[in-house]
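**Student:** this one's structure only:
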């Protein structure tokens with residue numbers, strides 16, 4: 001019958017799997033198996049990664065990516081997992097956590113590796129009186145993830161001060177300018193070209209008053225605490241705003257969906273664009289809730305909401 005495998009094919013597949021495992025163990029010291037990804041994600045849900053390695057340097061990140069590709073394994077590269085929803089069944093193949101965290105500063109030009117924690121970096125820059133990324137001080141995530149999703153707030157985005165991006169593409173390292181990466185609202189070419197891996201990036205900064213920058217960061221943190229349901233696990237705003245004049249939160253609220261619940265997930269009463277996970281929630285709870293929100297918003301307003309969150313490990 002179509003789709004069935006013979007005993008010989010099963011034996012060959014198992015042998016290939018053992019060989020791939022042996023190569024991974026030899027090439028990637030610190031390789032882990034069946035690691036629950038829930039412990040790494042902002043949502044706190046999701047199944048295990050088949051194999052996982054934490055890349056503490058850019059060299060290890062490159063080697064891990066190339067090794068997985070040479071073996072023909074599914075590959076997932078993640079930063080701080082703050083805008084990722086992992087399926088309950090987990091993620092096959094090799095998951096690489098980018099933990100390369102080097103930075104250099106030459107005058108007003110910053111180079112930061114992909115694994116650098118974004119809020120910590122911006123706080124350090126503000127303490128030195130350097131502006132340019134201050135709007136991102138309270139956006140959780142890594143530098144690499146912020147570039148892929150073109151993270152932003154208050155009308156500013158990461159791409160606004162980006163000078164270039166050091167990437168691994170088709171097995172080769174090279175530096176690309178921002179205009180090649182199709183940046184837009186919460187979008188870049190890198191979102192659809194998962195074969196391109198961000199290694200580092202450089203940013204143009206400018207001088208500001210240290211106390212004013214730190215005050216802006218503190219004021220923004222206080223505003224977010226008042227507006228956002230930080231007592232629950234979430235990935236922040238779940239849906240993209242259809243436009244600046246038409247925020248997703250307003251459409252969801254106008255549809256009467258605050259408090260809507262599926263399983264252990266619900267639409268926040270505090271901010272309607274937060275789909276939050278209670279203890280015991282599953283990824284399926286969250287995706288079912290998201291689907292119902294999309295359906296009802298379209299039914300009541302005609303708008304088709306688009307997810308900002310990246311899904312992994314779903315059929």
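**Tutor:** Arrived safely, thanks for sending. As the structure is a prediction and not an experimental result, all values here were calculated from the model.

**Student:** which residues touch the residue nearest the centre of the chain?
**Tutor:** Taking CA atoms, centre = their mean, the centroid of the chain lies closest to residue 83, which sits 4.1 Å from it. By CB atoms under 8 Å, 6 or more residues apart in numbering, the residues touching residue 83 are 42, 141, 145, 149, 235, 236, 308, 309, 310. Using the backbone N, CA and C atoms, a C-beta is placed for each residue, glycine as well.

**Student:** next one: residue 101
**Tutor:** So residue 101 contacts 56, 113, 115, 116, 117 (CB under 8 Å, 6+ apart).

**Student:** the third one is in contact with residue 55, isn't it?
**Tutor:** Yes: Residue 115 is within contact range of residue 55, at 7.3 Å (criterion: CB atoms under 8 Å).

**Student:** what do the two both touch?
**Tutor:** In contact with both residue 115 and residue 55: 61, 97, 98, 99, 100, using CB under 8 Å, 6+ apart.

**Student:** what is the burial count for the residue nearest to the third one when sequence neighbours are not counted?
**Tutor:** Here the nearest residue to residue 98 in space, its sequence neighbours aside, is residue 115; by CB to CB, 6 or more residues apart in numbering that works out to 4.0 Å. A total of 27 residues lie near residue 115 under the criterion other CB atoms under 10 Å.

**Student:** what values do phi and psi take at residue 115?
**Tutor:** The phi/psi pair for residue 115 (degrees, to the nearest 10) reads phi -90, psi 0.

**Student:** residue contacts, it?
**Tutor:** Here residue 115 is in contact with 55, 61, 79, 97, 98, 99, 100, 101, 142, 143, 144 (CB under 8 Å, 6+ apart).

**Student:** pLDDT value on residue 15, please?
**Tutor:** Here the pLDDT value assigned to residue 15 is 62.

**Student:** let me know the pLDDT of residue 194.
**Tutor:** 88.

**Student:** tell me the phi and psi of it?
**Tutor:** phi -70, psi -10.

**Student:** which members of the contacts of residue 101 occur in strands, if any?
**Tutor:** residue 113 (DSSP state E).

**Student:** before we move on, the earlier item: closest one of the contacts of residue 115 to residue 212?
**Tutor:** residue 143 (23.6 Å; CB to CB).

**Student:** my read: the closest one touches residue 112, true?
**Tutor:** Yes: counting by CB under 8 Å, residue 143 does reach residue 112; the two are 4.7 Å apart.

**Student:** burial of the closest residue to residue 244 other than its chain neighbours, as a residue count?
**Tutor:** Leaving aside its sequence neighbours, residue 244 sits nearest to residue 155 (CB to CB, 6+ apart; 8.0 Å). The tally of other residues near residue 155 (other CB under 10 Å) stands at 8.

**Student:** cool, and residue 80?
**Tutor:** By other CB under 10 Å, neighbour count at residue 80 equals 24.

**Student:** check residue 253 too.
**Tutor:** If we define neighbours as other CB under 10 Å, then residue 253 has 17 of them.

**Student:** how about the backbone phi and psi for it?
**Tutor:** According to degrees, to the nearest 10, residue 253 has phi -70, psi -40.
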